[in-house]
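Visitor: Can you look at this prediction? I've put the sequence above it.
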Amino acid sequence: MNNASLRTYLYKGLIVGLVPVLAIVNLPLSGIAAPAKAKKAPAKVSVAQTKPGKAKTPAKPKARAVSQNTSFADSYTLGPGDRLRVDIFNVPEYSGEFYVLGDGAINLPVVGAIPIQGLTVQRASSLLTSYFSRYVKRPIVTISVLAPRPVQFAIAGEVTRSGSYTVPFTGDNRKFPTISQAIQLAGGTTQTANLRQVQVRRAATGRVISVNIFDVLQRGNTAQDISLRDGDTIYIARAEGVNTADRLRLAGSNLANQDATVKVAILGEVGKPGTYTLKGDTAGTAGRVTPPTLTEAIKIAGGSTASADLTRIRVRRNTRTGSGQVLPINLLNLLRAGDFGQDIILQDGDTILLPTATDVNSANSALVAASNLGPQAITPPRVVVVGEVNRPGTYTVTGSANTTNNNTQLAGTVALPTVTNAIQTAAGIKPTADIRQIQLIRTTRAGEQKISLNLFKLIQQGDTSQDIILQEGDRIFIPAAQNPNSQDVDLVASSTLSPTSIRVNVIGEAGAGAGGTREVPANTTLNQAILLAGGFNNVRANKNEVDFIRLNPNGTVTKRLIKLNFAKGIDSETNPRLQNNDTIVIGRNNLTRIGDGFSTILSPFNGLLNLIRF
């Protein structure tokens, strides 16, 4: 070996021996100059100038980098706070435990600070291999993640508690949190969440991923429930419409708000408008809470009134992603066809409005009143009945009791007062009443409402929609008929709208002295009234005709002579139906008239004869 070769060999040995010492005292390598003829001296390392992607490295080493957990290493990206174990095969002085610093770099012996933030374990191992290959011949670098940093993500939109959340890795658990777990940490979704288009923004790449979490609930497609990465941002938008089937499925999942306590305001046609706090029901599936629904809110508010229009209910809902949302609801479809989709799940802050019906339908009112959406406490209403009734005035009206075939009241049933009940309470209508043009005036929360009723359709066609349910403060006016039809009068007189009994006067030559004022059943005819009064005086009565006197509502009196025919049925000419306060005068027969005449003439002489006899 010549002198030049010997000097070069000594220089190399000196540099290799001084590298660990220089790294410890943080001395730059630039202070040691290599001989002019050295061809393989290591280049100066400067983190500020050296870029990993442009580093001049030898050919790719044959030995590959390995990791502690292949699946975790393939998906986990390194970042500040990670505690790593870096091992260089057969070079223990360069190996050890290191932290990824706040700037995303790892500070290692010899090579200094190497930025590895955002790299997987495998890529970081390859990068460190390229750096250490300058100082170690064919290095084998192994990186193990001893303590991964917690995964931090942010979630916003239609969730109960939006914000930033941190999920640590515990023990051997190296699984990343998923979107569904993030939603659960945020307290679950609101009822307006659109789970079909959840967006995840990756912090590392800026890429936006759109996933359908509802597909996980509907079909169990866990591929949509992707794993999160550190720095991800989740956004859940508001659903434009309300799909009740989706809402029910969501409410029954672990993605819904499990608190299930909401504060809502209910206004309009309910018994007790106001603000209520509703709690969910835990009586269902074990561990699951059933959120409160719209019908539960109506029941707690005292039920709907008779004026409520259940087809036009509006629910105003505040969302977390924009302006308020108005949901139209038709609960009548729930009662008619069992459309449970109308009974929406409530959300905290909802405002419920039950409007006043513009047209009152008795059939609908009866359907609602008989359901659990009607008044929860039936108090007989006080109403005013005026016009062509026998006893006008103010009445507390109760409904007819619901009975079985043996006239026993059905347990748990409620009798609902109607217009016909009010008329019966007022002693029935007069024969001159016009039941085709009855007016009901009702005071609602929206103002005064006038409702026209035609009870003639009720007694002629069975149209029960005309007999509407009453509520407190109703005023009923029954006008007088202008030109009453005798057939209509007879039909009304035979209905329950007429009084149950009437008072008639039978005077004159009644049998056995039974004449006078008598109370007889309604719809009693003239012939029947005579018989109920004891019939005729067989000696004195005129059995062929009677005088019939009727007091008219306008103050006039009608008197006519009626030819009797007991073999004939109801007839307005010979055997009319009687009305209250009608008077029947049974006259004397001809023989009695002659006898009574002679008695009148001879009565003074009878007194004179008595004096003579004395």
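Guide: Here it is on my side, so go on. Please read these numbers as outputs of a predicted model, since none were measured by experiment.

Visitor: can I assume Thr277 is in contact with Ile266?
Guide: No - at 11.8 Å, Thr277 does not count as touching Ile266 under the criterion of Cβ atoms under 8 Å. C-beta coordinates here come from the backbone N, C-alpha and C atoms, glycine included.

Visitor: higher neighbour count, these two?
Guide: Shown here are Thr277 and Ile266; by other Cβ atoms under 10 Å, Ile266 has more neighbours (24 against 11).

Visitor: Check the chain for its longest strand and report it.
Guide: With residue count as the measure and DSSP state E as the assignment, the chain has strand 541-551 as its longest strand.

Visitor: Next secondary structure after it?
Guide: Of the helices and strands lying after strand 541-551 in sequence (DSSP states H and E), the nearest is strand 557-563.

Visitor: Quick one: mean pLDDT for that next one?
Guide: The average pLDDT for strand 557-563 rounds to 88.

Visitor: Work out the gap between that strand and the centre of the chain.
Guide: Using Cα atoms, centre = their mean, to the nearest Å, the distance from the centre of strand 557-563 to the centre of the chain it belongs to is 66 Å.

Visitor: Buried ones in that strand, by neighbour count?
Guide: Ile562 (16 or more other Cβ atoms under 10 Å).

Visitor: That one packs against which elements?
Guide: Secondary-structure packing of strand 557-563 (3 or more Cβ pairs under 8 Å, 6 or more residues apart in numbering; DSSP states H and E): strand 541-551.

Visitor: What residues sit buried inside the strand it packs on?
Guide: With the criterion 16+ other Cβ under 10 Å, strand 541-551 contains buried residues 541-543, 546-550.

Visitor: helices and strands around the longest strand of the chain, which ones?
Guide: In terms of contacts (3+ Cβ pairs under 8 Å, 6+ apart), strand 541-551 is packed against helix 526-532, strand 557-563, strand 583-588.

Visitor: Distance of the closest residue to Leu250 other than its chain neighbours relative to Asp348?
Guide: Counting by Cβ to Cβ, 6 or more residues apart in numbering, Ala256 is the residue found nearest to Leu250 once chain neighbours are left out, at 5.4 Å. For Ala256, the distance to Asp348 under the criterion Cβ to Cβ, to the nearest Å works out to 13 Å.

Visitor: quick one, which of these two is more surrounded?
Guide: The residue with the greater number of neighbours, taking Ala256 and Asp348 and applying other Cβ under 10 Å, is Ala256; the counts read 28 against 18.

Visitor: mind listing what the more buried one touches?
Guide: By Cβ atoms under 8 Å, 6 or more residues apart in numbering, the contact set of Ala256 is 188-189, 250, 291.

Visitor: Most neighbours among those, which one is it?
Guide: Compared across those, Pro291 has the highest neighbour count, 26 neighbours, by other Cβ under 10 Å.

Visitor: quick one: that residue and Asp343 touch, right?
Guide: No - at 11.2 Å, Pro291 does not count as touching Asp343 under the criterion of Cβ under 8 Å.

Visitor: Restrict stretch 522-541 to CA atoms and write it as PDB.
Guide: Written as PDB, here are the backbone C-alpha positions of stretch 522-541 (Å, rounded to 0.1, in the frame of the first residue of the first chain):
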ATOM      1  CA  ALA A 522    -145.100  13.900  21.500                       C
ATOM      2  CA  ASN A 523    -146.600  13.100  18.200                       C
ATOM      3  CA  THR A 524    -150.000  12.300  19.800                       C
ATOM      4  CA  THR A 525    -152.900  12.800  17.400                       C
ATOM      5  CA  LEU A 526    -156.200  14.400  18.000                       C
ATOM      6  CA  ASN A 527    -158.000  11.100  18.200                       C
ATOM      7  CA  GLN A 528    -155.500   9.700  20.600                       C
ATOM      8  CA  ALA A 529    -155.700  12.800  22.900                       C
ATOM      9  CA  ILE A 530    -159.500  12.400  23.100                       C
ATOM     10  CA  LEU A 531    -159.200   8.800  24.100                       C
ATOM     11  CA  LEU A 532    -156.400   9.600  26.700                       C
ATOM     12  CA  ALA A 533    -158.800  12.200  28.200                       C
ATOM     13  CA  GLY A 534    -161.400   9.600  28.800                       C
ATOM     14  CA  GLY A 535    -163.200   9.700  25.500                       C
ATOM     15  CA  PHE A 536    -166.700  11.200  25.200                       C
ATOM     16  CA  ASN A 537    -169.600  11.600  27.600                       C
ATOM     17  CA  ASN A 538    -171.900   9.000  26.100                       C
ATOM     18  CA  VAL A 539    -175.000  11.100  26.900                       C
ATOM     19  CA  ARG A 540    -174.000  14.700  26.200                       C
ATOM     20  CA  ALA A 541    -171.100  14.600  23.800                       C
END
